[in-house]
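>>> Structure for the following, please:
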Amino acid sequence: MPEYRQDTHLPKRDADARRVESALAGWEQGVETLEAGYADEAIESYHWALDCRDDLQKETTSATFKQRTKIAGRLPELDRRFKAATVEAAGCVLSTRECDPVAEWWYFRVPASHPEWAESASE
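Below is the predicted model:
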């Protein structure tokens, strides 16, 4: 009998697949929004996109081979586009947690159009 998750009422494998797809779609949407330009007050949307990237990193470890192949086919290009549209920040842009600059590099970048967002993390 498949393992079920109470929060989704789906077999664990299906719930994991849905989370991977959701994280990948969220990261893609975040990169597209970044390229189009965030509104001045949209820092929360940017943080949401960063969290999608973080979720994607975590979910990849439990992803199926097929999902990892799909991620591997899309993630490098999305990350490249993200890096092209951002600049390095001196520290983690989330003030609510500590981030690893190597493992969670996306938290150490801000939109090139909003370098001041790096300062909001220290507030």
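
>>> what's in contact with the strand or helix carrying Ser45?
The secondary structure element spanning Ser45 is helix 43-60 (assigned by DSSP states H and E). The contact list for helix 43-60, computed with C-beta atoms under 8 Å, 6 or more residues apart in numbering, reads 16, 19-20, 22-24, 26-27, 29-31, 33-34, 38, 67-68, 71, 75, 82, 93-94, 103-104, 106-107, 110-111, 114, 117, 120. In this view, the C-beta of every residue, glycine as well, is placed from N, C-alpha and C.

>>> Report all helices and strands that the lowest-mean-pLDDT helix or strand in the chain contacts.
None of the helices or strands of the chain scores lower by mean pLDDT, DSSP states H and E than helix 117-120, at a mean of 78. Applying 3 or more C-beta pairs under 8 Å, 6 or more residues apart in numbering; DSSP states H and E, one finds that helix 117-120 contacts helix 43-60, strand 109-111.

>>> out of the ones you listed, nearest to Thr86?
Among the helices and strands packed on helix 117-120, the nearest to Thr86 by C-beta to C-beta is strand 109-111 (3.9 Å).

>>> Name the strands paired with that closest one and say parallel or antiparallel.
Next to strand 109-111 in the sheet, as set by DSSP bridges, lie strand 86-88 (antiparallel).

>>> Distance from the chain centre to the partner strand, please.
Relative to its chain's centre, strand 86-88 lies at 15 Å (C-alpha atoms, centre = their mean, to the nearest Å).

>>> any idea how far Val20 is from the residue positioned nearest the centre of the chain?
Computing the C-alpha centroid of the chain and ranking residues by C-alpha atoms, centre = their mean puts Arg53 first, at 1.6 Å. Arg53 sits 13 Å away from Val20 when distances are taken as C-beta to C-beta, to the nearest Å.
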